[in-house]
Structure formats: structure tokens, C-alpha cells
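Undergrad: sharing a model prediction with you, sequence too.
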Amino acid sequence: MHTPVVFLPGMMCDLRLYAMQLLEFGRDRSVTVAPITMGERIEEIASNILDRVPPKFALVGLSMGGIVAMEMLRRAPDRITRIALLSTNSLAETPQSAADYEPLIIKLRSGQLEEAVQGLMPPEHIGAGTGRSAVMAELLEMAKDMGPEAIVRQIRALQRRRDYQSVLRKCKVPALVLCGDQDGLTPLKRHTLMAELIPYAELSVLEGVGHLPTLENPDATNAALHGWLKQPFVLRTRVES
């Protein structure tokens, strides 16, 4: 029996972010997309998800979903059999980056949802050759369905998030760190850092892809996830150079 996989979407996103992954991996295992809208802090969101998912599971988180995944790893490391962190960031917000969200919150609360979406996810952070306009249209539809107040709660949770570097250093399970080489929102250097912090993490960089690899290049994303699911559970002892 294959271990269930829990997928955590990014900010403003729902299960449509993982449509092609659900089709691919749902053929032979239980797959679930857990919403990251249940709470005003990352800790609260993670706790609510842990109350609703299987006792043991593999965990995939993209963008804000990756941040929630790291909090779940901090809270319940014995329940997570392996972890995949996509297009995300283990660092806390700086005072300046937290303040930069405020004009976008004003836009959300004044009915300017499309402008807020483009502020939170500038189109140039989607790969130029990956159907950028279609991906942005899909993101806007998901954001409309989620609604401005839920997005504001997500922003507030991000503004208050902790630093997860120490959590990653303690990770004892097979790990994948994946990003696109055209992701300006969470650039490659952030993922290189995470992969270096996690013992024996696999770093996968998708060429021509931006911040939403599951939509931009689902085939390459699925191939990386298949490799991650096949990683052995027993990790070798680190040999210091």
C-alpha cells in the first residue's frame, strides 16, 4: 500500500494548482489537497491540517504551502514520511517585505482583486515560454473563488511567519527541493540554501519555468516527484569533507 500524499497549494490557489499531479499520482495512491485558508497564522493553519490528514503521509507544499509544510514538519516530524518543497522560502519576512504587503491588502479590501493578484504574483515571475497568460488567468480564477478576505488572512499569516532553517537541518526524511530557473519571487539561491540545510535533499531546477511549476511544466514536475517518491527511506550517514 503506497503512502498517501498530501498537497498544500500556494497563496490564492486551490486544488486546481495540482490538477495534473492529482491525475498522475491518484492512480495508485490516496492523494489529498488540503486548503491553507484555515487560520490567521502559519501555526494555526498547520495544526488544522494535521487534524484532518492521515496519521502518516508524504507532503508536498508549493510557495506558501511549502511554508505551511515546514511548520507541519516542525510540529509532527514523525508523521511525515517524506517532504517536497516547491517554489518556497525557509526565511522569515523582513520588516520591509512584511510592510510591502500593506498596499496589496488595501487593494483587496477596496475591490481591486485583479490588481492585487498581479501585485502578489507579477506575470514576469511565470516562465515566458510556459503559457504565461493562461497560467495567470487560472491563478486569477482561483483567487476570485477564494475571495479577498481569505487572501488577506493568508498575507497576515505570511507576515508573521518564523524562520524554518533550524527545522530543515533536523529533517530526517527523503526531501525534494524544486524550483524554476525563472522564478523571481523565490529565486534559485533560496532553494539552494534549503537543499544545503536538509541532509541529502535532492535539488531539482526546471529550465524555463517560473513560480508555478505544477501548472507551467506539469510533466517535468511529475517526473521530479516520481523520483522523490522512489528515494530510499534510509539516508546515509553524512561524510564530512
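TA: Yep, that arrived.

Undergrad: how far off centre is the helix or strand of the chain with the lowest mean pLDDT?
TA: Least confident helix or strand, the chain: helix 95-99 with a mean of 95, by mean pLDDT, DSSP states H and E. In terms of CA atoms, centre = their mean, to the nearest Å, the centre of helix 95-99 is found 21 Å from the chain centre.

Undergrad: same question, stretch 205-223
TA: 13 Å.

Undergrad: surely residue 138 and residue 145 touch.
TA: No. If you go by CB atoms under 8 Å, residue 138 and residue 145 don't touch, sitting 11.0 Å apart. Where C-beta positions appear, they are placed from N, C-alpha and C, glycine not excepted.

Undergrad: looking at the two, which is more packed in?
TA: residue 138 (17 against 11; other CB atoms under 10 Å).

Undergrad: that one falls within a strand, correct?
TA: No. Going by DSSP: H, G, I helix; E, B strand; the rest coil, the assignment for residue 138 is helix, not a strand.

Undergrad: hey, C-alpha coordinates of stretch 113-120 in CSV?
TA: Taking C-alpha atoms only, stretch 113-120 is exported to CSV below (Å, rounded to 0.1, in the frame of the first residue of the first chain):
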residue,chain,number,x,y,z
LEU,A,113,-8.7,42.0,-6.7
GLU,A,114,-7.1,41.6,-10.1
GLU,A,115,-4.5,44.4,-9.4
ALA,A,116,-3.8,42.7,-6.0
VAL,A,117,-3.2,39.3,-7.7
GLN,A,118,-0.8,40.8,-10.1
GLY,A,119,1.0,42.6,-7.3
LEU,A,120,1.3,39.3,-5.3
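
Undergrad: now do the buried residues in it.
TA: If you call a residue buried by 16 or more other CB atoms under 10 Å, then stretch 113-120 has these buried ones: 113, 116-118, 120.

Undergrad: among those, which ones are in helices?
TA: 113, 116-118, 120 (DSSP state H).

Undergrad: who's in contact with the spatially closest residue to residue 55 that is not a sequence neighbour?
TA: Spatial nearest neighbour of residue 55, excluding adjacent residues (CB to CB, 6 or more residues apart in numbering): residue 79 at 6.2 Å. By CB atoms under 8 Å, 6 or more residues apart in numbering, the contact set of residue 79 is 50, 55-57.

Undergrad: where do the strands sit along the protein?
TA: For the chain, applying DSSP state E gives strands covering 5-8, 31-33, 57-62, 80-86, 175-180, 202-206.

Undergrad: which one of the ones you listed lies nearest to residue 214?
TA: strand 57-62 (6.4 Å; CB to CB).

Undergrad: output the closest one as CSV, nothing but the C-alphas.
TA: What follows is strand 57-62, C-alpha atoms only, in CSV (Å, rounded to 0.1, in the frame of the first residue of the first chain):
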residue,chain,number,x,y,z
PHE,A,57,1.8,10.8,4.8
ALA,A,58,4.1,12.3,2.2
LEU,A,59,3.9,16.1,2.0
VAL,A,60,4.2,18.4,-1.0
GLY,A,61,4.0,22.2,-0.5
LEU,A,62,4.3,24.9,-3.1
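
Undergrad: any weak-confidence spans in this structure?
TA: For the chain, the stretches flagged by pLDDT under 70 are 1, 234-241.

Undergrad: find the residue at the geometric middle of it.
TA: residue 62 (1.5 Å; CA atoms, centre = their mean).

Undergrad: pretty sure it sits against residue 17.
TA: Yes. Counting by CB under 8 Å, residue 17 is a contact partner of residue 62 at 6.7 Å.

Undergrad: which residues are common contacts for those two?
TA: 9-10, 212, 214.

Undergrad: filter the residues you listed down to just the ones in helices.
TA: Going by DSSP H, the helices hold residue 214 from the shared contacts of residue 62 and residue 17.

Undergrad: now the two most distant members of the shared contacts of residue 62 and residue 17.
TA: Largest pairwise distance in the shared contacts of residue 62 and residue 17, by CB to CB, is 10.1 Å, between 9 and 212.

Undergrad: that's all I had, so thanks and see you.
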